[in-house]
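>>> take a look and give me a structure for this.
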Amino acid sequence: MGQATDRLQRYLEDELDACREEDVERRLGELETLEAAIGAERVETELDVLSALANETRYTLVRVLVAAEAELCVCELQAVVDVTESGLSHALSQLVDAGLVDGRKDGRWKKYRATNRAVALVTVLEGTVHE
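Have a look, this model is predicted:
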């Protein structure tokens, strides 16, 4: 029995006042079902999204685009964040890859807008973080 299983057994003994090997096996099966329901691929995708937001420049860009409720030109976004053009391009590229913003070329200008995913995440954060 591994260290994690030993610890689980001690926990179940405390919770159930007694613990048989069947109890440990049943609980391990329940936990495996929970883990399988989430899925490793889904966890990886969600971590990619969270990683994209875990940077002040990228998060600021997403917040501004969500607040704008409209497309903004790269030149407008450049005025909001204090990064080089290359840094801004890289940040926006990461946000596009994470599905948080969409970009399109409009003549000479590149414009971006927040996706529904970005709006949902910002809305959840606004509802759970209090100043």
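>>> okay, which residue is most central for the chain?
Leu50 (2.7 Å; CA atoms, centre = their mean).
>>> this structure - how does it break down into domains?
1-38, 44-129 (the TED database).
>>> and the shortest one, what's buried?
The neighbour-count check on domain 1-38 (16 or more other CB atoms under 10 Å) flags 8-9, 12, 19, 23-24, 27 as buried. Glycine gets a C-beta too; all of them are placed from N, C-alpha and C.
>>> can I get the longest helix anywhere in the chain in PDB? Just the C-alpha atoms.
Ranked by number of residues, the top helix in the chain under DSSP state H is helix 21-38. Presented in PDB, the C-alpha positions along helix 21-38 are these (Å, rounded to 0.1, in the frame of the first residue of the first chain):
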ATOM      1  CA  GLU A  21      -9.500  -2.700   2.900                       C
ATOM      2  CA  GLU A  22     -12.800  -2.800   0.900                       C
ATOM      3  CA  ASP A  23     -13.600   0.700   2.200                       C
ATOM      4  CA  VAL A  24     -10.300   2.000   0.900                       C
ATOM      5  CA  GLU A  25     -10.800   0.300  -2.400                       C
ATOM      6  CA  ARG A  26     -14.300   1.600  -2.800                       C
ATOM      7  CA  ARG A  27     -13.200   5.200  -2.000                       C
ATOM      8  CA  LEU A  28     -10.200   4.900  -4.400                       C
ATOM      9  CA  GLY A  29     -12.700   3.800  -7.100                       C
ATOM     10  CA  GLU A  30     -14.900   6.800  -6.400                       C
ATOM     11  CA  LEU A  31     -12.000   9.100  -6.600                       C
ATOM     12  CA  GLU A  32     -10.800   7.600  -9.900                       C
ATOM     13  CA  THR A  33     -14.300   8.100 -11.300                       C
ATOM     14  CA  LEU A  34     -14.200  11.800 -10.300                       C
ATOM     15  CA  GLU A  35     -10.800  12.200 -11.900                       C
ATOM     16  CA  ALA A  36     -11.900  10.500 -15.100                       C
ATOM     17  CA  ALA A  37     -15.000  12.700 -15.300                       C
ATOM     18  CA  ILE A  38     -12.800  15.800 -15.400                       C
END
